[in-house]
Structure formats: C-alpha cells, structure tokens
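> missing the sequence, but the structure's below:
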C-alpha cells in the first residue's frame with residue numbers, strides 16, 4: 001500500500017510537468033462512452049482540446065494502475081481520492097495559467113467488470129451450491145482479467161487432484177492442479193500443465209499443514225510465494241477464456257477473481273461489480289469550449 005501511495009505521489013508530481021509540455025497523444029488508450037461539447041472556438045481549438053484530453057486520459061490509466069497495484073480492497077475509494085489529487089494538481093498548473101480546468105470522477109455504474117471471492121479458507125466449491133458443487137464454471141467468455149489469486153491452505157488426498165482450467169478461443173488450454181505427494185508429512189504441490197510440449201511444471205510446494213505453509217499464487221503474473229515463476233494461461237492461449245474448477249473439494253483455501261466476462265447464474269446468485277476497466281466522468285472547461293465525457297480508461301501496467 002505504501003509503495004502504491006508513493007507511486008501515486010510521484011505520478012501526480014510528474015503530471016504537473018507533463019501537462020504543460022506533452023499533450024499530443026492520440027486517442028489509443030480510452031474509449032468514449034458519452035460525449036458532449038459546446039464551443040465558441042475554431043476547429044483548431046477543438047483539435048488542441050482533443051489532444052489535451054488524450055494526454056489526460058492516459059494519465060488517468062496510469063494513475064489507476066498505480067492505485068490498484070495488487071490490492072483490490074477499497075480500490076474505488078482510493079482511486080477517487082487519487083483522481084481528486086490529480087484534478088487539483090492539474091487545475092493549479094494549467095487552469096491557473098489560463099488553460100483548461102478539469103474535473104474527473106469515477107463512474108462505477110458505467111465501469112466494466114465484476115468480481116467474485118472466497119475470503120475464508122474452505123473447499124473451493126460452487127458459490128451457488130449447484131447440482132455439481134465440486135465442478136463448476138468460474139466464468140465464460142472472459143476478455144480481460146485484473147486479478148486471479150489463490151491462497152491454498154490444504155490439499156486432500158485420494159483420487160484426482162483439485163484443478164482449475166483455462167481454455168482459450170484458439171483451442172489451447174492451461175491448468176493448475178493441487179495435489180499431495182511424499183510420505184508423512186505430506187506436501188501440497190502445485191503443478192502447471194498446458195497444451196504445449198513444455199508441460200507439466202512443478203510451480204511450488206509446501207508442507208500440507210502448519211503455520212507459514214500456505215501457497216499464495218497469482219495466476220495472472222505466474223508467481224507463487226514458495227517457488228519460482230511459471231508459465232501462465234496468457235502465455236499459451238488467447239482470450240476470450242472459459243474458466244472451470246474440477247474437484248473443488250480436493251483443496252482448501254481462498255480466492256479472488258475480477259474480470260470482464262460472463263459469470264453464469266448456475267454458479268452465482270449474484271456477483272459484485274468491480275471496475276476492471278474504470279469509467280471516468282471528465283469535464284473540461286476552457287475559455288472557448290466546455291467538454292463533458294464519460295470514458296473507459298485502459299489501466300496500464302507498466
């Protein structure tokens with residue numbers, strides 16, 4: 001969290017300079033949901049305003065990435081605060097010198113994405129308790145994933161292991177399984193398999209019980225706290241993805257998943273909205289033009 005807040009301060013400080021000297025980025029990083037303009041200026045004025053908008057919207061994406069980091073908790077509130085700080089900095093630098101005054105706020109209802117989670121450690125079952133609670137669909141037609149994290153606390157022996165599978169539109173697949181191996185005490189081991197000749201790969205392992213022996217896995221980044229990095233689903237297949245759990249009773253743990261896709265009613269009574277792609281209401285006010293836009297901001301990760 002401290003690193004994220006420090007990153008936001010550095011970004012906002014840098015923006016104070018960037019706003020003045022750099023405003024010619026094309027509209028490649030955002031998509032207007034709504035657009036309204038009243039102007040008394042020329043076509044050149046409108047074009048300069050559009051260039052300025054593109055630069056600001058790029059900053060909003062970078063700011064979202066810095067704010068979110070690896071922490072989904074209260075992202076909306078933290079991003080709102082970051083937007084307020086950014087707006088104040090922009091208006092001091094640009095508005096005070098006769099340029100455009102800006103206001104930017106998060107529009108949660110127009111943002112894209114949902115999240116599901118299991119915050120307490122237990123079997124990784126169908127949240128809706130459907131007819132086959134141990135084998136269930138996490139999501140289908142997933143075009144973008146912001147967070148896909150598991151913390152495994154225990155594995156269960158006998159039969160087939162826990163498995164989560166990601167199948168891509170290109171026909172390739174990727175899976176992560178949790179199994180037990182060794183003698184007493186047994187270890188829980190995460191193995192990654194996919195449709196390429198390079199699989200399988202042991203990603204990480206830890207004793208099946210005891211303090212400090214949880215396996216924390218980031219499926220987006222391909223990392224595990226008890227091992228080295230591994231090939232993840234985006235390395236071997238392409239969206240949209242279908243994501244399924246098999247043998248949910250064979251592992252215990254927690255998870256959190258935030259994405260844009262279909263969360264089927266067979267698995268969920270309801271899902272919570274989460275701004276994987278945030279929508280921002282942006283207002284510009286200049287001596288010659290007033291703009292009101294709602295834009296979908298691409299969250300840059302680097």
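All right, it came through fine. In this text, all values refer to a predicted model and were calculated from it rather than measured experimentally. Residues are numbered from 1 along each chain as shown.

> tell me the domain ranges of the chain?
2-111+278-297, 114-274 (automatic domain parsing).

> lowest-pLDDT helix or strand in this protein?
Of all helical and strand segments in the chain, the minimum by mean pLDDT, DSSP states H and E falls on helix 2-21, at a mean of 48.

> Mind jotting down where the strands sit in the stretch 51-200 of the chain?
For the stretch 51-200 of the chain, strands defined by DSSP state E, counting those that start in this stretch occupy the ranges 101-106, 112-123, 136-155, 162-167, 173-181, 187-194.

> for the record, mean pLDDT for the second one?
Okay, so that is strand 112-123. On average, the pLDDT along strand 112-123 is 94.

> which residues of the stretch 1-150 of the chain score low on pLDDT?
Residues of the stretch 1-150 of the chain meeting the criterion pLDDT under 70: 1-50, 70, 96-98.

> run the last query once more with 80
The model of the stretch 1-150 of the chain has pLDDT under 80 over residues 1-52, 69-72, 94-100, 129-133.

> got the end-to-end distance for stretch 244-257?
13 Å (C-alpha to C-alpha, to the nearest Å).

> returning to that earlier point: including mean neighbour count, could the domains of the chain go into a markdown table?
(Each C-beta comes from the backbone N, C-alpha and C, glycine too.) As requested, the domains of the chain are exported to a markdown table (neighbours: other C-beta atoms under 10 Å):
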| stretch | mean neighbour count |
| --- | --- |
| domain 2-111+278-297 | 17 |
| domain 114-274 | 18 |
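
> so residue 181 bridges to which residues?
residue 187 (DSSP bridges).

> Ok, residue 272 next?
Going by DSSP bridges, residue 272 is paired in beta bridges with residue 115.

> coming back round to it: out of the strands of the stretch 51-200 of the chain, flag the one nearest residue 86.
strand 101-106 (6.8 Å; C-beta to C-beta).

> And that closest one, what does it pack against?
helix 43-68, helix 75-93, strand 279-285 (3 or more C-beta pairs under 8 Å, 6 or more residues apart in numbering; DSSP states H and E).
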